[in-house]
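>>> build me a model:
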Amino acid sequence: MSKIESLIEVSELIVKSNTGKITEEESKRLSAWLNESERNRVLFEKIHNGNNLMERSQLIRESDTSGAWLNVSERIGEKSKNLLILNILKYAAILLFPILGVTAYLLNQPDKDIAEPLVHEAKIEPGSKSAVLVLDNGRNINLGDLDSLKLKEHDGTMIFKDQEFLSYSKNEEGKSLDLKNTLIVPRGGEYCLYLSDSTKVYVNSMSKLDYPVQFSANTREVSLEGEACFFVKKDAKRPFVVNVDGVKIEVLGTTFNVNAYGEESKVITTLVEGKIKLNLREDKEQEFIMSPNDQVVYNKKSKGATIEKVNARDYVTWTNGIYTFRDQSLGEIMKTLSRWYDFNYWFEYQVLKDIRFEGGLNKYESIEPILDIIGSTEKVNVEIKNNNILFKRNK
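So this is what the prediction gives:
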């Protein structure tokens, strides 16, 4: 198999992994490729997570597929090009464009393994309030570019945006068109919105929230990918339902946090106040009635869940501008911070990822204080090059 054919095959596996349509056998082949080198793992992480969730969501519609194909075709000879065209055509149209884009991306990466972070001009800066609002008709509005916004959806609902949050008014015209909006928050961003029932939602970086413009008369239902904290407006007649990967969360009025990033192996639901019912989609008979400070951890692989007591406030301080870490591994801490500060990080040895720390950080200020604390423990050496961090073993 030629290099280009191999890259196209890997690209297909990556796209299928992102869309959740990968088979067990394909997953094994992808794992084998990932284990070949640290470079492969880093490239997969970049493609899988994406620097901007909006780009991932709009990939099919906005991909420069002709440019991507030109990039790929220039790397192969005319003799093999016709054969590859026939092979590529077997892919479904929904997968074709992302495959070409991923293949072109992989072709433009250096061949050598990544031993240390590359130097970029950007520095590590805190994130900001930024998001893209996708209307029911598919129109995208970059909220970070606007100081204010006032528009009317087709059902008469008014959507307002000021410097602090997005909000939806009640539908005074009485129309019921079952319209949906999507809020997409990129890496290095966060956003707050008030839904039509006055429920307040903080949506964290690299997250997506799908929700109706107006809730129905019987229920209030949204879908989440990533992390969000919900302050649900009490309504005894209409339960509030959050759908995430493998889990259904039902509440009447309460405050809770859901961490459900697609690339993570777990869905973590933490209840701050009130009471909620959590059902596992794979096991209709297994449900958890959660009380304040309960945390349910659902394992996507085993399809099982556990419940334990935690200090729930630690899991929602991010909505107030503070990151709080209690006995968390360095790998977990960096994963959280990299989403907000938008930096790249590497570990010289994988064992360094498991070192555990405690501490806090004002998320709107420099990241350096927490890096200084990590370095002062003498457990690990921290090297910073612009917006790249390398963790090395202390000698």
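
>>> let me know how buried residue 364 is, in neighbour terms.
By the measure other Cβ atoms under 10 Å, the count of residues near residue 364 is 11. Quick note: C-beta positions are derived from backbone N, CA and C, even for glycine.

>>> my guess is it contacts residue 125, does it?
No - using Cβ atoms under 8 Å, residue 364 makes no contact with residue 125, being 10.3 Å away.

>>> neighbours of residue 350, just the number please.
Residue 350 has 9 neighbours, counted by other Cβ under 10 Å.

>>> chain center to stretch 317-326, what's the gap?
The chain centroid and the centroid of stretch 317-326 are separated by 18 Å under Cα atoms, centre = their mean, to the nearest Å.

>>> got the end-to-end distance for it?
This stretch, stretch 317-326, spans 12 Å end to end (Cα to Cα, to the nearest Å).

>>> name the residues that touch it?
With contacts defined as Cβ atoms under 8 Å, 6 or more residues apart in numbering, stretch 317-326 is touched by 202, 204, 229, 311, 314, 332-333, 336-337, 340, 357-364.

>>> which of these count as buried?
Among the contacts of stretch 317-326, those classed as buried by 16 or more other Cβ atoms under 10 Å are 202, 204, 229, 314, 333, 336-337, 340, 357, 361, 363.

>>> in those, find the pair that's most separated.
Largest separation among these by Cβ to Cβ: 202 and 357, giving 24.6 Å.

>>> any idea how the protein splits into domains?
Residue ranges for each domain of the chain read 3-107, 128-315, 321-393, as given by automatic domain parsing.

>>> take those and write them to a markdown table, including mean pLDDT.
A markdown table is the format used below for those (pLDDT from 0 to 100):
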| stretch | mean pLDDT |
| --- | --- |
| domain 3-107 | 56 |
| domain 128-315 | 91 |
| domain 321-393 | 91 |
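
>>> who does the longest strand belonging to the chain pair up with?
Looking across the chain with DSSP state E, the single longest strand is strand 220-231. Strand 220-231 has its sheet partners listed here by DSSP bridges as strand 200-203 (antiparallel), strand 207-212 (antiparallel), strand 240-244 (parallel), strand 255-260 (antiparallel).

>>> could I get the ones you listed as a markdown table with distance to residue 11?
What follows is the strands paired with strand 220-231, written out as a markdown table (distance: least, Cβ to Cβ, whole Å):
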| stretch | distance to residue 11 |
| --- | --- |
| strand 200-203 | 30 |
| strand 207-212 | 23 |
| strand 240-244 | 28 |
| strand 255-260 | 26 |
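
>>> and residue 177, which of those is closest to it?
strand 207-212 (9.9 Å).

>>> in PDB, list the C-alpha atoms belonging to that closest one.
Extracted as PDB, the C-alpha positions of strand 207-212 are listed here (Å, rounded to 0.1, in the frame of the first residue of the first chain):
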ATOM      1  CA  SER A 207     -19.000  22.500  23.400                       C
ATOM      2  CA  LYS A 208     -22.300  22.500  21.500                       C
ATOM      3  CA  LEU A 209     -25.800  23.000  22.800                       C
ATOM      4  CA  ASP A 210     -28.900  22.200  20.600                       C
ATOM      5  CA  TYR A 211     -32.200  23.600  21.900                       C
ATOM      6  CA  PRO A 212     -35.700  24.600  20.700                       C
END
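
>>> list of residues touching that strand?
Contact with strand 207-212 is made by 53, 57, 178-185, 193, 195-196, 201, 203, 220-228, 261, as judged by Cβ under 8 Å, 6+ apart.

>>> quick check: PyMOL command selecting the buried ones in these.
Burial among these is assessed by 16+ other Cβ under 10 Å; the matching PyMOL selection reads:
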select buried, resi 53+57+179+181+182+183+184+185+193+195+196+201+203+220+221+222+223+224+225+226+227+228+261
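
>>> what kind of secondary structure is residue 336 in?
Under DSSP: H, G, I helix; E, B strand; the rest coil, residue 336 falls in the helix class.

>>> roughly how far does it sit from residue 152?
38 Å (Cβ to Cβ, to the nearest Å).

>>> cool, and residue 307?
Counting by Cβ to Cβ, the gap from residue 307 to residue 152 is 44 Å.
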